[in-house]
Structure formats: C-alpha cells, structure tokens
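> coords please:
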Amino acid sequence: MAERDFPHASVIEGVRFTAQVALPNLIQGLFRRRKQASAIASRTGADGLAVGFLAGVKRSYGEGPVWIRVAKDETLLLLGRTPIRRALEGSPEPFAADPEPKKSAMSHFQPHALTISRDGDWEDRRKFTEAVLDAGMSSLADRFAAVCVEESARLEEELDWDTWNRAVRRVTRRIILGDGAADDDSISEMLGELMDKSNPPGGGDEELYERYVAALQRYVDEAEPGSLVSLFERAPVTERTEPVGQVTHWLFALGDTLAINALRCLALLAAFDEQHKRVSEEVANADLNTESGVDSLKVLEACLQEAMRLWPTTAMLSREAVRDVDWDGITIPAGKQVLIVNTFNHRDDDAVPFADRFDPDAWLSGDAADDWIFNHFSHGPQGCPGTALALFVGKAMLASLLGPGSEVRLLSPRLDPTKPLPHTLDFFGLKLSLGGSSAG
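Here you go, the predicted structure:
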C-alpha cells in the first residue's frame, strides 16, 4: 500500500508559485526593499496577482499542508489557521526558523541573531533579548516616549519616505544606543548597505561588516544610561549570547521595518477621516511624554496593527523541519521547508471578512490579535519579542502628528476609503502633508 502523503500541487502550479509569489518577493529584496523593483511590483499589482493565484490553490487543495514546488524544491504550503498554528506552536522544535537560504543570507549582516539561532543558542539569546526589551519597557518607557515626541516635533510639513526613515532611525539610535548616537547616521547607513548587499544573490561585504560591528561595539561598551544597551549588564549573558550580535535586528526592526508600517498607518489615517477623528480625540486625552499616556492609545495601536496586517513587511514565514516530523500519520522529512505566505493569509477573503478593508475595531475587540492567520509579529514561542516596544514607539511617533487640529493629508498615492484597499502600498512613493499637526 502506498505511503500516505499530503496532496501535491501540479507542475504548472509550482511554476506559477515561483513566478508569481516567490520571485517578486526575492527581486524586491528580502532584507531591504529595492526602490525600483518595489515600484514595478506596485504598478503591476504583483501582490494582488499572487493572492488570486493562492486563493485558487486553496480552493483546489484546502488549507494545507500541500506540497508545492518552489524553483527546484518542494515546500509545504500552509493556507489556513489550523496548520499555521500547528507549525508555529512547534517552533523552534521541530520547525526551526532558520532554513538554510535565510540563515546563509542573514549571516552576512547578523550572523549571531536570535532569528537564525537553534537549540541552546536560541534559548540563550531569547532569554537575553526578552530580559533587555522587557526591562526597557518597564524602566525606560517614559524616556522613550519623550524621545519620540522630540523627534516628531522636528519634522517639516512635507513628509516622504526618506524624511520619515531618517527621523525613525534617529529615534531608534537614541533608544537603543543612547543620545550620543542621535546624529550618527553612518551606523544606520552601514547597516542599510550591508542589508542591501546581503539581499540574494548578494554575498555581503566582510570589510564593511567589521567596521559596522566595531562602531556598534563602541556604543555597547559606553552603555549610555537610559539606552537599551545600558541594560545588558543586568541581563543573563553566557558565552553563547553574543549581546552585540542581537542589536542589529533591533536597529533595523525599529528604524526601517517599523518606519514602513507607521508611515503606511499615517497614510491610512489621512485617507480615513472617521478613524483619524477617533485617534485625534484619543490623543487629546493622553500625555504623550509618559508610558501611561502612550499605552492609553488603543485606537491608534489598532490602526497600526491594521496597517501591518494589510501590508505585512514580512511577506512570508519559512520554517524547516529539524527532524522527521509526524503530521497526522504523514511524515515530513527532515530538512523540508514549511511556508506561510502572510501577503495571502492576511488578505484571504474566505478566512478574513474584512480582508481588504481598514478595520481597526477587529484589533480593539482582541479577536484579530489572537488570530493565528495574522503573522506580521508571528505567534508561538518564536513570536517577535519586540512587539510591545515596536507598537509603543510607533504609537508615540504617530500620536504627535495626529492630535486635535491635525490636518494630515495624503498627497500620493490616492487611497479611496469606499473601495477595497490595494494589495500593495509602495512606501517609497508615499507623500503626505502634516499641516496643522505638531510637526515643525
């Protein structure tokens, strides 16, 4: 009798998956988006085409797992809550978050990162990361809030991606490395260049990496009071930890990834008057220089979560079976990858009633936050340990621009609140006016 197996998508479906889902993501840049490629993907509606294709795959094979060929290798595709939860609850063992393609590419700019660690290294670095970030939120949140307010006040009336990215990177350096790093654009630029050069098929830049790490080490050694790196001495550190090696992920997660999400959130609020009004009323009653004031911004937090759901900056989550895994009597061989496509799952209108709408209330109710189909922060043991910090900084930055009397306008592109939202919102092309806000 033939051994049981998951269904296999056809050869043609594998070719289409590679061409419509995997390659566009690769071409745009896995670690740092390429401006021209992102513009082309936006104009051609690449994400929308991918969603349509995967909806057809789901109709044919169900929510998975289903084997589908990605280039030359077969990968297990998960297209529903139940299999997604099972895989993420089983991470890092038996499903590790460091498949070889991801690990080899990321190693060019963060070889000791938690996200590509396994076994004892992962456990050690996770404890360290949680200890530092949790301590930061419990003891330094007032300072972080004040930094965000100060930097938001420096913004001019016209806002585009480059301007916003510089501002959020400056906030990020002050929070992580200390005020002494506020003007050190070079460390952010070196990291950005390293990520560019590590985007497949790039091979990194060893000399640049060494200069970057040396610069980072100086800030860690100085341990300026009030910074996250000043908390390292109180965190659990062993020979496995590599504290400096954990900082890189925090720098780009806040300075770049959060910056993208927050700018998209601002664009949504500029287009949706009712939600903008709700946020403005909420901000009016909050002291933005305090942890409690920023924490009170529940509507704004829901709006930020919705921006992340609508346009997840992590298009896919990949996991690798570290051993043969039994899945309901079917064996997943060791070394095989499991793939979760966020850009589809977040917009699957069969599973998400508000798939293409801006619906912050889904997060206010708590339902969306507990839904395993939404994975911009992931779920399970390897869920993002910096979720609270990212949401806090994002809210604090945005709130200063959205108070009573704010007149944030989206200049480009146009978002029509009466129509389904586009599957792509190219952050490089966003332009806003902050007239009437606290900017300037």
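> what's the helix or strand for the residue lying closest to residue 100 once chain neighbours are set aside?
Residue nearest to residue 100 in three dimensions, not counting chain neighbours: residue 320, with 7.4 Å by C-beta to C-beta, 6 or more residues apart in numbering. From N, CA and C alone the C-beta is placed, and that goes for glycine too. Using DSSP states H and E, residue 320 falls within strand 316-321.
> quick one: distance of that strand to the chain centre.
Distance of strand 316-321 from the chain centroid (C-alpha atoms, centre = their mean, to the nearest Å) equals 16 Å.
> list the neighbouring strands of it plus their orientation.
Applying DSSP bridges, strand 316-321 is found paired with strand 95-96 (antiparallel), strand 337-341 (antiparallel).
> how many other residues sit next to residue 234?
Neighbourhood size, residue 234 [other C-beta atoms under 10 Å]: 11.
> what's the answer for residue 212, then?
Around residue 212 there are 20 residues (other C-beta under 10 Å).
> is it fair to say residue 411 lies in a helix?
No: with DSSP: H, G, I helix; E, B strand; the rest coil as the criterion, residue 411 is located in strand rather than a helix.
> need the helices for the stretch 251-400 of the chain, in chain order.
Ranges of helices in the stretch 251-400 of the chain, per DSSP state H, counting those that start in this stretch, are 259-271, 273-284, 291-295, 298-310, 342-345, 361-364, 387-399.
> and if you look at the stretch 51-200 of the chain?
Going by DSSP H, counting those that start in this stretch, the stretch 51-200 of the chain shows helices at 81-89, 100-106, 119-139, 141-153, 161-176, 185-198.
> helix or strand: which one has residue 432?
strand 431-433.
> mind listing what's buried in that strand?
Neighbour-count burial for strand 431-433 flags 432-433 (criterion: 16 or more other C-beta atoms under 10 Å).
> just stretch 270-288 next, same as before
Result for stretch 270-288 [16+ other C-beta under 10 Å]: buried residues 270-272, 275-276, 278-280, 282-283, 286, 288.
> tell me the contacts of residue 220?
Applying C-beta atoms under 8 Å, 6 or more residues apart in numbering to residue 220 gives the contacts 229, 232, 243-244, 247.
> distance from the host helix or strand of it to the middle of the chain?
Per DSSP H and E: residue 220 is located in helix 206-222. With C-alpha atoms, centre = their mean as the basis, helix 206-222 stands 24 Å off its chain's centre.
> just the angle for the strand holding residue 320 relative to helix 81-89, thanks.
60 degrees (axes from the mean of the first three to the mean of the last three C-alpha atoms, to 10 degrees).
> who touches strand 316-321?
With C-beta under 8 Å, 6+ apart, strand 316-321 has contacts from 25, 87-88, 91, 94-102, 332-343, 375, 378.
> tell me the contacts of residue 398?
262, 265-266, 269, 300, 304.
> cool, residue 77 as well?
Counted by C-beta under 8 Å, 6+ apart, residue 77 has contacts 9, 17, 57, 64-68, 339, 341.
> residue 256 too?
With C-beta under 8 Å, 6+ apart, residue 256 has these contacts: 32, 165, 168-169, 192.
> ok, now with 10 Å
Counting by C-beta atoms under 10 Å, 6 or more residues apart in numbering, residue 256 makes contact with 31-33, 165, 168-169, 172, 188, 191-192, 195, 313.
> equivalent analysis for residue 66, please.
Applying C-beta under 10 Å, 6+ apart, we find residue 66 in contact with 6-9, 13, 57-58, 60, 75-79, 83.
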